[in-house]
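Chemist: Coordinates for the following, if possible.
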Amino acid sequence: MAEILDLSRLDNLFEEHQGEDGALIPVLQEAQNIYGYLPEEVLRCISQKLKVPLSKIYGVVTFYAQFYLDPRGRHVIKSCQGTACHVRGAKGVLESLIRELKVKPGGTTADLNFSLETVACVGTCFLAPVMMIDKDYHSKLTPKRAVDVLKKYSQKPEREEA
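Modeler: The predicted structure is shown next:
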């Protein structure tokens, strides 16, 4: 059964940006902060309220990597695959994450606890191989150590919003 979204959570957002030129991207960002992603019903509501064609909204949402059309995990894992990390075993680390989470890069676990992404570089080459979980860096990983780190996040409560 499909989840029914409370679109009234967007009301203040539309009031704040009423009549504002160029409000689409800030509205999309704030709507995503509210729901964690941008469900179709939210995009239709934004289209109606801002009087922007839905096709244009989809164009913006699919162009920018910051927007998500599918639910995201409570914790986002970014597995660095840059040169320094690659040379020091990032491939094995990523493979262990895929096996443990049972999800491919770009996917989210069934329990919505983790989303797994690969990135070209997180800027901490001297600590390679590295992964980020949310805003936390985990360095000098081995495949086993990466899985051990995941277990700590599996036990943590939902992250606090900044």
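
Chemist: Now do the strands in the chain.
Modeler: 75-80, 114-119, 131-133, 136-138 (DSSP state E).

Chemist: Make CSV from those strands and add mean neighbour count, distance to residue 57 and mean pLDDT to it.
Modeler: In this view, the C-beta of every residue, glycine as well, is placed from N, C-alpha and C. Converted to CSV, the strands of the chain look like this (neighbours: other Cβ atoms under 10 Å; distance: least, Cβ to Cβ, whole Å; pLDDT from 0 to 100):
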stretch, mean neighbour count, distance to residue 57, mean pLDDT
strand 75-80, 23, 23, 96
strand 114-119, 20, 22, 96
strand 131-133, 22, 29, 97
strand 136-138, 15, 33, 97
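
Chemist: Take these and lay them out in JSON lines including distance to residue 100.
Modeler: Output for the strands of the chain, formatted as JSON lines (distance: least, Cβ to Cβ, whole Å):
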{"stretch": "strand 75-80", "distance to residue 100": "10"}
{"stretch": "strand 114-119", "distance to residue 100": "9"}
{"stretch": "strand 131-133", "distance to residue 100": "12"}
{"stretch": "strand 136-138", "distance to residue 100": "14"}
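
Chemist: Between these, which one is closest to residue 92.
Modeler: Proximity to residue 92, assessed across those by Cβ to Cβ, is greatest for strand 75-80 (10.9 Å).

Chemist: who does that closest one pair up with?
Modeler: strand 114-119 (parallel), strand 131-133 (antiparallel) (DSSP bridges).

Chemist: how many other residues sit next to residue 61?
Modeler: 19 (other Cβ atoms under 10 Å).

Chemist: which residues touch it?
Modeler: By Cβ atoms under 8 Å, 6 or more residues apart in numbering, the residues touching residue 61 are 28, 38, 43, 67, 69.

Chemist: Separate out the buried members of these.
Modeler: For these, a neighbour count by 16 or more other Cβ atoms under 10 Å gives the buried set as 28, 38, 43, 67.
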